[in-house]
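S.K.: Fold the following and give me the result.
(4 chains)
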Number of protein chains: 2
Amino acid sequence: MTAGTAANDTRSRLLDTALKLFSEHGMEGTSMQMIADELGVTKAALYYHFKSKDEIAEAVAAPALQEMEQILDEACTKRSRGAQIDHALAGFVDLIVRQRMLVGLFNSDPGLQRLIHRTLLAPKDKDLKTKLRAVFAGEEPSLADAITVHVMSAGLAMAGGAPEFAAVDDDTLRQHLLDAGRRLLGRPRPKRLDKRLRDLPRPKG
Amino acid sequence: MTAGTAANDTRSRLLDTALKLFSEHGMEGTSMQMIADELGVTKAALYYHFKSKDEIAEAVAAPALQEMEQILDEACTKRSRGAQIDHALAGFVDLIVRQRMLVGLFNSDPGLQRLIHRTLLAPKDKDLKTKLRAVFAGEEPSLADAITVHVMSAGLAMAGGAPEFAAVDDDTLRQHLLDAGRRLLGRPRPKRLDKRLRDLPRPKG
DNA sequence: ATCCACACTAACCGATCGGTAAGTACGACG
DNA sequence: CGTCGTACTTACCGATCGGTTAGTGTGGAT
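M.R.: Numbers count the residues shown, from 1 in each chain, chains lettered A, B, ... in the order given. Below you'll find the model as predicted:
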């Protein structure tokens, strides 16, 4: 017990550092040397903990991907479509806010995207994006709905991960992203009216 | 006359190729060798046309950036806030659809973003993002509005540049993105406009 | 005292990176 | 004919890339 504290600590610090650098410079723009320098160890030390750069990227991305999958699965258990969407949206926004850097990185780096798709998504019966679209817009969504869902997921993720909102506290950011998501998806806003009520067109009853 | 046709042709083919590769692999993930190979010339030939890789990236991004600036400036000349927003949104969506790859690349590559910010945006009195936010949400927007605008611009750009919608024809994509943008911004949807009717501003009414 | 697994380091690998220097095929011009 | 500019190519540079190998210091168990 209390076993590999040192190793565990270095390993998790390594992941934190990698995430930070990846999100600043992109995955291809971040070298193993940069990660090692930032950590204060040699490059070879990284290869003691991970077999390759790709494995580091996987380890960085995996937890959030798993969490997203879980949120989507939970949402599927809800009875009404409305409840499914509300749960998925709330969970998605919460994940984005808690993992701002990672989520921003995730749908912004072509290299990471390709890697993740190969190693973490492809093996599953259904890839995450498809699942997400299915939860928000049904199994066989119209083009309009598919586009709306894409705008929502990408928009919320990029805004959540944007450096200009880095100083905004989690609760506030979550509320605003939730509002934006609901507006896009045409979901009614629950009671909570914020100070600045805009004229919301409600196209559907 | 008809002078530098060959050179001009190579130069523009070079830019096309670079854009394609940048958007597939990211800027850091694309080497000069890759561009040269795809073009069927040697790497050194690239350096005949451009001084550096950065200069290529600038040349790739510059026209769309200029066009965006022009759209925003045009929008500012409109009388009502509503007309300003409508013009900017229509122009923005139109630009995204016409330049899908580039726009997708633009807000997805940390390396390109940093470069562009240094070389093309910083010198201007106001950077593009600030200008965009000002047009859509006023000079001193609330946090909620700033976030909404960010979600919109990033969401529309990423959806427009997304490979899964690559096969969608321009008009259709434009309509759906416009709808999503209007929903987000709380703009009323105009009654079924003729889809051919674009935003061409009447020259000095 | 010895051994051993752990968590590294120093030194190195071939490949590739962005970039450069020198040379060349070629058409236009005089 | 010769010469000049254009649009390249061949050959090369030092630096850095991801990754490997062999060795080292250290703490705990025996």
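S.K.: Look up how far B:Thr77 lies from the residue nearest to A:His117 when sequence neighbours are not counted.
M.R.: Leaving out its chain neighbours, the residue that sits closest to A:His117 by C-beta to C-beta, 6 or more residues apart in numbering or on different chains is A:Asp127, at 7.2 Å. Where you see a C-beta, it was placed from the backbone N, CA and C, and this is true even at glycine. Going from A:Asp127 to B:Thr77 by C-beta to C-beta, to the nearest Å gives 46 Å.
S.K.: Ok, A:Glu24 next?
M.R.: Applying C-beta to C-beta to A:Glu24 and B:Thr77 gives a distance of 38 Å.
S.K.: Pick out whichever of these two has more residues nearby.
M.R.: A:Glu24 (15 against 11; other C-beta atoms under 10 Å in any protein chain shown).
S.K.: how about that one, what does it touch?
M.R.: A:30, B:110 (C-beta atoms under 8 Å, 6 or more residues apart in numbering or on different chains).
S.K.: residues in contact with whatever residue of chain A ends up closest to chain B?
M.R.: The nearest approach of chain A to chain B comes at A:Gly155, 2.4 Å away (C-beta to the nearest C-beta). By C-beta under 8 Å, 6+ apart, the contact set of A:Gly155 is A:180, A:184, B:150-152, B:154-156, B:158, B:184.
S.K.: would you turn the residues you listed into a markdown table with pLDDT?
M.R.: Compiled in a markdown table, the contacts of A:Gly155 are given as follows (pLDDT from 0 to 100):
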| residue | pLDDT |
| --- | --- |
| A:Ala180 | 98 |
| A:Leu184 | 97 |
| B:His150 | 96 |
| B:Val151 | 97 |
| B:Met152 | 97 |
| B:Ala154 | 94 |
| B:Gly155 | 96 |
| B:Leu156 | 97 |
| B:Met158 | 93 |
| B:Leu184 | 97 |
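S.K.: What is the nearest of those residues to B:His176?
M.R.: The nearest member of the contacts of A:Gly155 to B:His176, counting by C-beta to C-beta, is B:Leu156 at 9.9 Å.
S.K.: name the element that closest one belongs to?
M.R.: Taking DSSP states H and E as the criterion, B:Leu156 maps to helix B:143-161.
S.K.: For A:Gly111, which non-adjacent residue is closest in space?
M.R.: Closest to A:Gly111 by C-beta to C-beta, 6+ apart is A:Met27, at 4.4 Å.
S.K.: what number of residues lie near that neighbour?
M.R.: Here the count is done by other C-beta under 10 Å, and A:Met27 has 28 residues near it.
S.K.: Can you classify it by secondary structure?
M.R.: coil (DSSP: H, G, I helix; E, B strand; the rest coil).
S.K.: and the helix or strand that contains A:Asp86 with chain B, contact?
M.R.: Counting by DSSP H and E, the element that carries A:Asp86 is helix A:81-98. No: on the criterion C-beta under 8 Å from any C-beta of the partner chain, helix A:81-98 is out of touch with chain B, staying 10.9 Å away.
S.K.: Ok, stretch A:53-65 next?
M.R.: No: judged by C-beta under 8 Å from any C-beta, stretch A:53-65 stays clear of chain B, getting no closer than 12.5 Å.
S.K.: Any stretches of chain A with poor pLDDT?
M.R.: A:1-7, A:121-125, A:191-205 (pLDDT under 70).
S.K.: quick one, domains of it?
M.R.: Domain assignment for chain A by automatic domain parsing gives A:1-51, A:53-199.
S.K.: So A:Glu69 sits against A:Lys129, correct?
M.R.: No: if you go by C-beta atoms under 8 Å, A:Glu69 and A:Lys129 don't touch, sitting 11.3 Å apart.
S.K.: hang on, the earlier thing: any idea which of the domains of chain A is most buried?
M.R.: Across these, the average number of neighbours (mean count of other C-beta atoms under 10 Å in any protein chain shown) peaks for domain A:53-199, which reaches a mean of 18.
S.K.: counting residues per helix, which one in chain A is longest?
M.R.: As assigned by DSSP state H, the longest helix anywhere in chain A is helix A:53-77.
S.K.: and that helix with helix A:81-98, angle?
M.R.: Helix A:53-77 runs at 150 degrees relative to helix A:81-98, counting by axes from the mean of the first three to the mean of the last three C-alpha atoms, to 10 degrees.
S.K.: if I pick the residue sitting nearest the centre point of chain A, what's in contact with it?
M.R.: Nearest to the mean C-alpha position of chain A, by C-alpha atoms, centre = their mean, lies A:Val103 at 3.4 Å. Counting by C-beta under 8 Å, 6+ apart, A:Val103 makes contact with A:64, A:95-96, A:157, A:160-161.
S.K.: Can you pull the phi and psi angles for A:Thr42?
M.R.: As for A:Thr42, its main-chain torsions (degrees, to the nearest 10) stand at phi -90, psi 160.
S.K.: Which residue comes closest to it once chain neighbours are left out?
M.R.: Nearest non-adjacent residue to A:Thr42 (C-beta to C-beta, 6+ apart): A:Ala36, at 5.8 Å.
S.K.: which phi and psi does that neighbour have?
M.R.: phi -60, psi -50.
S.K.: distance of it from A:Lys20?
M.R.: 14 Å.
S.K.: what residues do these two have in common as contacts?
M.R.: By C-beta under 8 Å, 6+ apart, no residue touches both A:Ala36 and A:Lys20.
S.K.: which residue packs closest to A:Ile147, ignoring adjacent ones?
M.R.: Nearest one to A:Ile147, counting by C-beta to C-beta, 6+ apart, is B:His176 at 4.4 Å.
S.K.: Hmm, that neighbour is touching A:Pro141, no?
M.R.: No: B:His176 is beyond contact range of A:Pro141, at 11.8 Å (criterion: C-beta under 8 Å).
S.K.: Quick check: phi and psi at A:Thr30.
M.R.: According to degrees, to the nearest 10, A:Thr30 has phi -110, psi 120.
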